[in-house]
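Visitor: 3D model of this:
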Amino acid sequence: MERATQAIPSPRRAWVGAVLAIAGVAGGASSLAYPFGWDTAVHYYVGREWLLRGAVPYRDAFDHKPPGIHFIHALCIYLFGEHMWGIRVAELASVVALGVMAAALVAPRRERAPAGLYGAGVFLACVAYYGFFDYWNTAQCELFATTLGMAGLLSASRVRRVGAAAALTGLSGGALFVLKPPYVALLIVPVVVLVARERARSTHRARGTIAVFGMVAATSAAIPTAFLVYFAARGALPALLDSVVGSNVSYFINESSVHSSADLAKVASVMYPYFAPVSTLLLVGGAVGLLAGVVTESRERITRYATAFGLLGSSLLVVLVQLKFYVYHWEIAVGAITLIATNLTLDVAHALGRRRRQWAVAFVPAAVALGFVRTGCQFVTWRNSTTAALAYVTGRTDRATFNAHFITWYGHRRYADLEAVGEWVRLHSSEDDRVLVRGIATEIYVVSGRRSQGRFFWTPFLTLPSRRYRRDDWLQEDYAAITQTPPRLVVADANVREGPESIEWFLPLGYVERERIGPYAILERTVTASRPLESRARWPR
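Guide: Numbers count the residues shown, from 1 in each chain. Just a heads-up that it's a prediction; the model follows:
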């Protein structure tokens, strides 16, 4: 107990850390006003239907992501209600936890940590996350995964009994698996730490190593097994395997963005500058810190930096194996980057003399903040979003002006249009009415509070050439759901001229256009249809 007490700085000396933590949280708080993007809306819809209407994922609502992210959304809806900010609260709490855990990993075990180290960790995590990932790229799986990875590392490093540490690390690995299987690569460093601890204390090293692996494997299986049992009990296991395994294998093969080492080099040449100069500052600083540990023969420093760089390497491996390199995939490295930055914070604070200069702990956070300001478009995006959120929350601008800030796909996908459609649908339908949104505009379901009548509430796996897994079977299923239980309203893509996303596809089924907002046409079903709704023989492809 004495050592633990010594590691906690006095409140009178922690004012710098408090200021840093508050500044970091304030910089991320604007995200509470962010609307959803495409992926987030899909995850929310599945979680909402699962929690509120008993619609089992995959069997009743299609998605190709594993069930972990849907469970998180369902939990947020349970805690906070049907709001877009619920997942943002969980996200902000996750970032704060990430910073605290990074500081706990870095803090010396047998001496008092520099005052403000934990606050600095929170600030650094907030800048690393909210500074580089906008509304579209946040509220994804990756942040929760990197936080779980950090929790596994903290368990492996700090829990006193190796067996208990291995069990907790394994549980974090199981949670990582149900978010996305590639995330289990984040267990590489924690397992290495566990094995090193076991070999250092045990005279039977081989037996101890096997025991560590066995405990991690056993507890890692607990959470995925619980999900499998749940889905099997509800007759949804075949749908889960079909959606998550089968469709993702096809998706992985047909929609990879990297096919050669030249493609990989091109991705690196684009993404590294995206995070510069912060990336350069931290990587160079971390390398210097590691080299200083080697030169001074400081085993403690070498271990700290080697652990951080090992976690960074496993994070980049997660990005690599997915072969998509979407911007949000790089969020998985936020934990490792925060750990490197917190290591530097500790060493710089020691070098400047922590007892005489309480502000020394703020040196690295200030340098990172300055580097972020120098990023250019990333800083401008964060500044504009934060300013818009503040103006909206304080009543200085209206909702339409606020929504106008959220545009993607080179200006072609405007959130303002999606919310306007969602509001129109909500006002012109009842809670019992079924609504079908074609394409990739699931935000409309979120805003309107309405639900689809079938599994395929979004359509990329029905229309995109690169996502053609079981295309014919799923198109038949989609058509049967539409004709057997015709939705009251349909939102079609006015820019598409044929196929199940177009206006033309629904006109013979008895629908007429009622409203057009941006590229979205809102259709309503009439009493009669020129094509028999029960006829599958005339099913259009």
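
Visitor: now the residue nearest the centre of the chain: how far from Val46?
Guide: Compute the mean C-alpha point of the chain, and by Cα atoms, centre = their mean the closest residue is Gln140, 2.2 Å away. In this view, Gln140 and Val46 are 14 Å apart by Cβ to Cβ, to the nearest Å. C-beta coordinates here come from the backbone N, C-alpha and C atoms, glycine included.

Visitor: got it, and Thr483?
Guide: Computed as Cβ to Cβ, the Thr483 to Val46 distance reads 24 Å.

Visitor: Which of these two has more residues huddled nearby?
Guide: Val46 (27 against 17; other Cβ atoms under 10 Å).

Visitor: ok now do Arg525, which residues does it touch?
Guide: 486-490, 509-511 (Cβ atoms under 8 Å, 6 or more residues apart in numbering).

Visitor: ugh, typo on my part, it should be Ala206
Guide: Under the criterion of Cβ under 8 Å, 6+ apart, Ala206 has no contact partners.

Visitor: And for the one 5 residues further on?
Guide: Under the criterion of Cβ under 8 Å, 6+ apart, the contact partners of Ala211 comprise 163, 166, 198.

Visitor: again, but for Ala90
Guide: Neighbour list for Ala90: 72, 75-76, 144 [criterion: Cβ under 8 Å, 6+ apart].

Visitor: which of these tops the neighbour count?
Guide: Cys76 (25 neighbours).

Visitor: That residue should be in a helix, yeah?
Guide: Yes. Membership of Cys76 in a helix is supported by DSSP: H, G, I helix; E, B strand; the rest coil.

Visitor: how close does it sit to Ser94?
Guide: Counting by Cβ to Cβ, the gap from Cys76 to Ser94 is 11 Å.

Visitor: do Ile332 as well
Guide: The value you get for Ile332 to Ser94, if Cβ to Cβ is used, is 13 Å.

Visitor: more crowded one of those two?
Guide: Ile332 (28 against 20).

Visitor: So for whatever helix or strand Leu51 lives in, mean pLDDT?
Guide: Using DSSP states H and E, Leu51 sits in helix 38-53. Mean pLDDT, helix 38-53: 97.

Visitor: cool, and stretch 56-66?
Guide: Per-residue scores along stretch 56-66 average to 97.

Visitor: quick one: contacts of it?
Guide: Contacts for stretch 56-66 (Cβ under 8 Å, 6+ apart): 42-43, 45-46, 49-50, 55, 67, 70, 141, 177-181, 231, 234-236, 239-240, 242-244, 247-248, 251, 452, 455-458, 461.

Visitor: Try it again at 7 Å.
Guide: Outside of stretch 56-66, the residues within contact range by Cβ atoms under 7 Å, 6 or more residues apart in numbering are 42-43, 45-46, 49-50, 55, 67, 70, 141, 178-180, 234-236, 239-240, 243-244, 247-248, 251, 455-457.

Visitor: Now find how far off-centre the helix holding Leu51 is within its chain.
Guide: What separates the centre of helix 38-53 from the centre of its chain is 15 Å, taken as Cα atoms, centre = their mean, to the nearest Å.

Visitor: swap in stretch 387-400?
Guide: Using Cα atoms, centre = their mean, the offset of stretch 387-400 from its chain centre is 26 Å.

Visitor: coming back round to it: PyMOL command for the buried members of the contacts of Arg525?
Guide: Entered in PyMOL, the line below selects the buried ones among the contacts of Arg525, by 16 or more other Cβ atoms under 10 Å:
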select buried, resi 486+487+488+489+490+509+510+511
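
Visitor: and which of the contacts of Arg525 is nearest to Gly173?
Guide: Pro487 (41.4 Å; Cβ to Cβ).

Visitor: So that closest one versus Arg497, what's the distance?
Guide: 21 Å.

Visitor: same thing with Val258?
Guide: 32 Å.

Visitor: now swap in Leu316 and tell me
Guide: Leu316 is 42 Å from Arg497, by Cβ to Cβ.

Visitor: on that earlier part again, for the residue nearest to the centre of the chain, what are its contacts?
Guide: 39-40, 328, 331.

Visitor: What's the separation between it and Trp458?
Guide: Noted for Gln140: a distance of 16 Å to Trp458, by Cβ to Cβ.

Visitor: One more: Met150?
Guide: 32 Å.

Visitor: now Asp39
Guide: Applying Cβ to Cβ to Asp39 and Trp458 gives a distance of 10 Å.

Visitor: related to what we said a few turns ago, among the contacts of Ala211, which lie within helices?
Guide: Taking DSSP state H, the ones among the contacts of Ala211 that sit in helices are 163, 166, 198.

Visitor: Please, which helix or strand holds Met101?
Guide: Using DSSP H and E, the element containing Met101 is helix 85-106.

Visitor: next structured bit after that helix?
Guide: Past helix 85-106, the next helix or strand by DSSP H and E is helix 117-130.

Visitor: so what does that following helix touch, helix or strand wise?
Guide: Contacting helix 117-130 under the criterion 3 or more Cβ pairs under 7 Å, 6 or more residues apart in numbering; DSSP states H and E are the following elements: helix 15-29, helix 85-106, helix 334-352, helix 363-373.

Visitor: Tell me which of those helices lies nearest to Trp474.
Guide: helix 85-106 (27.9 Å).

Visitor: buried ones in that closest one?
Guide: Buried-residue list, helix 85-106, by 16+ other Cβ under 10 Å: 85-88, 90-92, 94-106.

Visitor: Could you do stretch 299-311 as well?
Guide: 301-302, 304-305, 307-311.

Visitor: Pull the number of nearby residues for Gly518.
Guide: 16.

Visitor: For this protein, just list every one of the strands.
Guide: 407-408, 413-414, 435-437, 489-493, 511-517, 520-525 (DSSP state E).

Visitor: can I get these in CSV with distance to Val393?
Guide: Shown next, in CSV, are the strands of the chain (distance: least, Cβ to Cβ, whole Å):
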stretch, distance to Val393
strand 407-408, 20
strand 413-414, 21
strand 435-437, 28
strand 489-493, 29
strand 511-517, 25
strand 520-525, 27
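
Visitor: per-domain residue ranges of this protein.
Guide: What automatic domain parsing lists as the domains of the chain is 2-377, 413-525.

Visitor: quick one: which of these is nearest Thr401?
Guide: Closest approach to Thr401 among the domains of the chain (Cβ to Cβ): domain 413-525, 9.1 Å.
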